[in-house]
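Undergrad: give me a 3D structure for the following:
(one chain, ligands or ions: 1)
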Amino acid sequence: MVFQDPYGSLNPRMSAGRIISEPLSIHRINTARSEREDRVEELLTTVGLSPSMASRYPHEFSGGQRQRIGIARALSVRPKLIICDEPVSALDVSIQAQILNLLKELQNEFGLTYLFIAHDLSVIEYISDRVGVMYLGKIVEIADSNTLYSNPQHPYTQALLSAVPIPDPEKKSHRIILTGNVPNPIDTPSGCTFHPRCPKAKTKDGFLQQCINQHPELLETAENHQTSCHLVNA
Ligand code: SF4
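TA: Numbers count the residues shown, from 1 in each chain. So this is what the prediction gives:
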C-alpha cells in the first residue's frame, strides 16, 4: 500500500534503507543482509533516488522524495496489486505530476495493477483505466475511464464532473450545484441514499417515491458500464 501522508507514513526513527527493507524481513524475503542491501539499492534507483540515500532519515527528504520511499517500500515484495490511497493529494502540484508519471512507468515496467483512491477527478482520469464512483461508501457508477468521463450516467457522477474546471476562458461550464449536505454515513437516507440531494429525483411535492423507498441496484446499462439509478435503469 502507498499511503496519503508521506510524512506520517514513514517511521522517523528508521533510515530509508530500513523502511524499504522492513517488508522483506517481515515476509522473509532476501534474508541474507547483503541481499537485502542490494535490493534496497535497486529499489531506490527504481524510484529515482540515489542508493547513497539509504542511510538518511525521513526528515532529511522532501515530501516528493518521501513518497518515492513509500513507493519503493510497496514495491519491495514484488506485488501484483498496490493500493494507492490518495498518494499525491498531500504533494505540491508539480511534484504530483512527477509521482503520477513514476507510478505509470512502474506500472508498465512491472505489470502492476493499482487500486487508486482519489478525490481529484483530473488525477483519476490521467491514471485510471476503469473508474468506480462512490457515494456514502457504495459504488454508484463504474465504467472504463473514457466512457465515464464522456458519458456519465449517474446524477452524482454528472454533478462531480460538471465541477471540474475547464482551462478555456471561451468555454462556458454547466456546473450542477448540489443542494443539501452529505448525510451521516451511519444513518443514511432510505431508498437511494443520494435522493435528498439528487436534482433528478425532485418533484413538485418532494421526491420520486421509488427513489425514497427502493434502493437502486448497480446494473449494467451499457457494455462494461454499470449504474445504480432507477431513472437510468428504467
Ligand atoms: Fe437520483 Fe433516484 Fe437515481 Fe438515486 S435513483 S440517483 S435519487 S434519480
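Undergrad: give the contact list for residue 40.
TA: Shown in contact with residue 40 (Cβ atoms under 8 Å, 6 or more residues apart in numbering): 17, 20, 21, 51, 54, 72, 76. Yep, even glycine has a C-beta here, placed from its N, CA and C like the rest.
Undergrad: just those: which are in helices?
TA: Under the assignment DSSP state H, those contribute 17, 20, 21, 72 to helices.
Undergrad: would you quantify the distance from residue 51 to the ligand?
TA: 52 Å (Cβ to the nearest ligand atom, to the nearest Å).
Undergrad: returning to what we had before: which of the contacts of residue 40 count as buried?
TA: With burial judged by 16 or more other Cβ atoms under 10 Å, the buried subset of the contacts of residue 40 is 17, 20, 21, 54, 72, 76.
Undergrad: identify the farthest-apart pair in those residues.
TA: Longest distance between any two of the buried ones among the contacts of residue 40 is 12.6 Å, between 54 and 76; criterion Cβ to Cβ.
Undergrad: overlap of the contact sets of those two?
TA: 20, 40.
Undergrad: buried stuff in stretch 225-234?
TA: Applying 16+ other Cβ under 10 Å to stretch 225-234 flags 225, 226, 227, 228, 229, 230, 231, 232 as buried.
Undergrad: which stretches of this structure have low pLDDT?
TA: Along the chain, no part satisfies pLDDT under 70.
Undergrad: could you identify the longest helix within it?
TA: helix 93-110.
Undergrad: what comes up buried for it?
TA: 95, 96, 98, 99, 100, 102, 103, 106.
Undergrad: quick one: residues contacting the third one.
TA: Yep, that's residue 98 we're talking about. By Cβ under 8 Å, 6+ apart, the neighbours of residue 98 are residue 64.
Undergrad: and the helices in the protein?
TA: Using DSSP H, helices in the chain cover 16-26, 33-46, 63-75, 93-110, 121-127, 145-150, 155-162, 209-213, 230-233.
Undergrad: pull the CA atoms of stretch 116-127 into PDB?
TA: Extracted C-alpha coordinates of stretch 116-127, given in PDB (Å, rounded to 0.1, in the frame of the first residue of the first chain):
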ATOM      1  CA  PHE A 116      -6.100   4.200  -6.900                       C
ATOM      2  CA  ILE A 117      -8.300   6.100  -4.400                       C
ATOM      3  CA  ALA A 118      -8.500   9.900  -5.000                       C
ATOM      4  CA  HIS A 119     -10.800  12.900  -5.000                       C
ATOM      5  CA  ASP A 120      -9.100  14.800  -7.800                       C
ATOM      6  CA  LEU A 121     -11.000  13.900 -10.900                       C
ATOM      7  CA  SER A 122      -8.200  15.100 -13.300                       C
ATOM      8  CA  VAL A 123      -5.800  12.800 -11.500                       C
ATOM      9  CA  ILE A 124      -8.200   9.900 -11.700                       C
ATOM     10  CA  GLU A 125      -8.800  10.400 -15.400                       C
ATOM     11  CA  TYR A 126      -5.000  10.500 -16.000                       C
ATOM     12  CA  ILE A 127      -4.100   7.400 -14.100                       C
END
